[in-house]
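In: what's the 3D shape of this:
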Amino acid sequence: ALGLATPTALMVGTGRGAQLGILIKGPQVLESTRRVDTVVLDKTGTVTSGEMGVQTVVAADGEADGDVLTYAGVLESGSEHPIAQAIARAAQDRTALRPTLDSFENVPGLGVQGVVVDGDTSRQVVVGRPALLEDWSMPVPAALADEAARLQAGGATVVAVGWDGAARGLVAVADTIKPTSAQAVAELKELGLRPVLLTGDNERVAHAVAADVGIADVIADVLPADKVDVVTRLQGEGRVVAMAGDGVNDAAALATADLGLAMGTGTDAAIEAADITLVRGDLRVAADAVRLARRTLGTIKANLFWAFAYNVAAIPLAAFGLLNPMIAGAARELKIGDPSEPSTHVGPVIDAEAKQRLDAHIARMKATAQVHFAGEAPASGNFVAPHIFELENAEQLTEEVFGPILHVVRYKAKKIDKVLDAIDEARAII
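Out: Down below sits the predicted model:
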């Protein structure tokens with residue numbers, strides 16, 4: 001019983017997790033999940049849907065909106081980032097020009113750059129943060145910068161577009177918050193966890209999303225490499241950190257965190273780096289994972305307690321022949337708990353017939369104990385629990401020693417009919 005108490009609960013816990021859409025890499029992960037007190041949430045694809053669309057295209061003076069979207073879309077077609085894919089799709093749907101991509105380079109946390117060929121003309125195109133354009137000596141004009149600030153205040157993500165030595169325009173991309181994110185954040189808070197929104201987007205966009213879902217702590221303008229530093233800093237403050245993300249740029253942070261949670265709808269890199277995969281991509285399942293881990297631990301503790309209680313109580317009784325082996329087997333069978341079942345009971349559920357049969361077996365045990373007490377008790381030093389022989393009568397023996405076992409039997413009574421049937425069959429054979 002002692003050997004089975006922990007692995008049985010862990011096995012049932014991981015199995016129940018799979019039924020809930022929680023894929024756990026190993027039973028030990030449940031222990032890490034139970035201890036978590038801070039959850040760092042990546043914005044795009046985790047809190048939001050990640051299904052972005054182009055909201056607005058703003059061209060600089062003398063430029064055409066179509067050219068800005070076309071060159072940005074051709075270059076972004078080489079990237080897997082949700083923002084890049086949204087711009088590439090919009091360019092393909094809205095424009096007639098079909099330049100080709102000659103070379104492509106991703107600049108982590110800043111944007112993309114490369115060469116776009118339009119007929120006989122090759123252009124060096126840069127799309128991303130204004131800082132990336134400035135590295136190419138393409139400062140964003142004041143008028144475009146003001147428009148970018150206005151769009152960001154409305155919750156849009158804005159990228160600048162430039163080619164041939166000048167900033168040519170802006171593309172504003174909007175994401176939608178998952179309908180379940182606010183509820184998921186509320187459930188995490190109810191479990192005593194501190195949610196933190198982590199994103200590479202600007203402060204305005206990050207705070208707009210955080211306000212909608214109820215997150216107070218926001219860390220914005222973070223480069224992919226800095227996500228690891230944020231997790232490490234929180235751990236240095238004594239926090240047990242879970243990281244939830246879905247992208248390639250989240251993989252390092254997922255591996256660094258005490259617990260990595262990957263969206264099942266995300267990239268293979270994120271799923272491989274994480275400890276738990278939330279198959280449906282629903283953030284509410286993260287709260288289910290924490291509840292499952294805590295209930296599993298409670299079941300482990302209960303199993304260990306009853307395993308000790310059963311052996312401490314039953315071994316001395318068995319040594320005197322006071323414990324029917326079939327009753328012992330029944331009590332042992334009823335100790336193992338299931339973490340997916342409710343952890344509390346409102347009262348006995350044993351039916352009258354089963355109780356009558358059980359009481360008959362207990363009465364036979366009491367009669368055996370009375371026969372024993374009619375004789376001389378052996379020296380107490382030869383037994384595991386010598387205090388048993390200081391009791392005055394069989395009634396005290398039954399209530400003090402066998403009482404805990406009876407408690408288990410009565411409150412696990414959904415199994416008692418089969419157990420009593422097996423006892424009766426065995427007695428008939430004997």
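
In: going forward, measure contacts between C-alpha atoms and count neighbours the same way
Out: Will do.

In: just for this structure, where's the confidence low?
Out: For the chain, residues meeting the criterion pLDDT under 70 lie at 1-5, 27, 96-97, 310, 313-314, 317-430.

In: can you pull out the strands in it?
Out: For the chain, strands defined by DSSP state E occupy the ranges 22-24, 38-42, 53-59, 100-107, 111-118, 121-128, 157-163, 166-174, 194-198, 217-219, 241-245, 259-263, 276-278.

In: Touching the fifth one from outside, list them.
Out: Looking back up the chat, that one is strand 111-118. 71, 74-76, 98-107, 122-129, 132 (Cα atoms under 8 Å, 6 or more residues apart in numbering).

In: In PDB, list the C-alpha atoms belonging to that strand.
Out: This file holds the C-alpha atoms of strand 111-118, laid out as PDB (Å, rounded to 0.1, in the frame of the first residue of the first chain):
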ATOM      1  CA  GLY A 111      11.600  43.000 -37.700                       C
ATOM      2  CA  VAL A 112      12.700  41.600 -41.100                       C
ATOM      3  CA  GLN A 113      14.900  42.800 -43.900                       C
ATOM      4  CA  GLY A 114      15.700  41.500 -47.400                       C
ATOM      5  CA  VAL A 115      15.700  42.100 -51.100                       C
ATOM      6  CA  VAL A 116      12.500  42.300 -53.100                       C
ATOM      7  CA  VAL A 117      12.700  42.000 -56.900                       C
ATOM      8  CA  ASP A 118      10.100  44.000 -58.900                       C
END
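
In: which residues does the residue sitting nearest the centre point of the chain contact?
Out: The centroid of the chain falls nearest to residue 286 when counting by Cα atoms, centre = their mean (3.4 Å). Residues in contact with residue 286 (Cα under 8 Å, 6+ apart) are 184, 188, 261, 278.

In: Show me which of the residues you listed is closest to residue 295.
Out: Nearest to residue 295 out of the contacts of residue 286 is residue 188 (Cα to Cα; 15.6 Å).

In: Report how many residues lie close to the closest residue to the closest one other than its chain neighbours.
Out: By the measure of Cα to Cα, 6 or more residues apart in numbering, the closest residue to residue 188 outside its immediate chain neighbours is residue 287, 5.6 Å from it. Other residues near residue 287 come to 19 when the count uses other Cα atoms under 10 Å.

In: Same check on residue 308?
Out: For residue 308, the neighbour count with other Cα under 10 Å is 14.

In: Check residue 305 too.
Out: Counted with other Cα under 10 Å, residue 305 comes out at 14.

In: one step back: go through the strands of the chain and name the closest to residue 142.
Out: Short answer: strand 166-174, nearest of the strands of the chain by Cα to Cα, at 11.0 Å.

In: Residue 126 versus residue 8, what's the distance?
Out: According to Cα to Cα, to the nearest Å, residue 8 stands 57 Å off from residue 126.

In: Give the residue from those two that has the larger number of neighbours.
Out: When neighbours are counted by other Cα under 10 Å, residue 8 and residue 126 differ, and residue 126 comes out ahead with 32 against 19.

In: Surely that one and residue 135 touch.
Out: No: look at residue 126 against residue 135 with Cα atoms under 8 Å: they stay out of range, at 10.0 Å.

In: Now do the contacts for residue 251.
Out: 245, 269-270, 273-274.

In: what's near enough to touch residue 79?
Out: Per Cα under 8 Å, 6+ apart, neighbours of residue 79: 85, 106.

In: That one and residue 206, how far apart?
Out: Distance check for residue 79 against residue 206: by Cα to Cα, it reads 22 Å.

In: How about residue 287?
Out: Distance from residue 287 to residue 206, by Cα to Cα: 22 Å.

In: Of the strands of the chain, give the one that comes closest to residue 305.
Out: Closest to residue 305 of the strands of the chain, according to Cα to Cα: strand 22-24, at 26.4 Å.

In: Residue 127 - nearest residue in space that isn't next to it in sequence?
Out: In this structure, residue 127 finds its nearest non-sequential neighbour in residue 161, 4.6 Å apart by Cα to Cα, 6+ apart.

In: what's the span of stretch 263-277 from first residue to last?
Out: Counting by Cα to Cα, you get 6 Å between the two ends of stretch 263-277.

In: Name the residues that touch it?
Out: 22-26, 29, 45-46, 244-248, 250-252, 254-255, 259-262, 278-282.

In: Show me what counts as buried in it.
Out: Of the residues in stretch 263-277, those with enough neighbours to count as buried (16 or more other Cα atoms under 10 Å) are 263-267, 269-277.

In: residue ranges of the helices in the stretch 1-150 of the chain, please?
Out: 2-19, 28-35, 65-76, 82-94, 130-135, 142-153 (DSSP state H, counting those that start in this stretch).

In: correction: the stretch 201-350 of the chain
Out: For the stretch 201-350 of the chain, the helices defined by DSSP H, counting those that start in this stretch cover 203-213, 224-236, 251-256, 268-273, 284-319, 325-333.

In: Please work out which of these is packed deepest.
Out: Counting by mean count of other Cα atoms under 10 Å, helix 251-256 has the highest mean neighbour count of the helices of the stretch 201-350 of the chain, with a mean of 24.

In: For it, what is the distance to the chain centroid?
Out: For helix 251-256, the separation from the chain centroid amounts to 15 Å (computed by Cα atoms, centre = their mean, to the nearest Å).

In: and if you look at stretch 175-185?
Out: Its chain's C-alpha centre and that of stretch 175-185 lie 16 Å apart, by Cα atoms, centre = their mean.

In: Ok, stretch 143-150 next?
Out: Its chain's C-alpha centre and that of stretch 143-150 lie 39 Å apart, by Cα atoms, centre = their mean.

In: List the buried residues for it?
Out: By 16+ other Cα under 10 Å, the buried positions in stretch 143-150 come out as 144-145, 148.

In: again, but for stretch 105-123
Out: Using 16+ other Cα under 10 Å as the test for burial, stretch 105-123 gives 109-117, 123.
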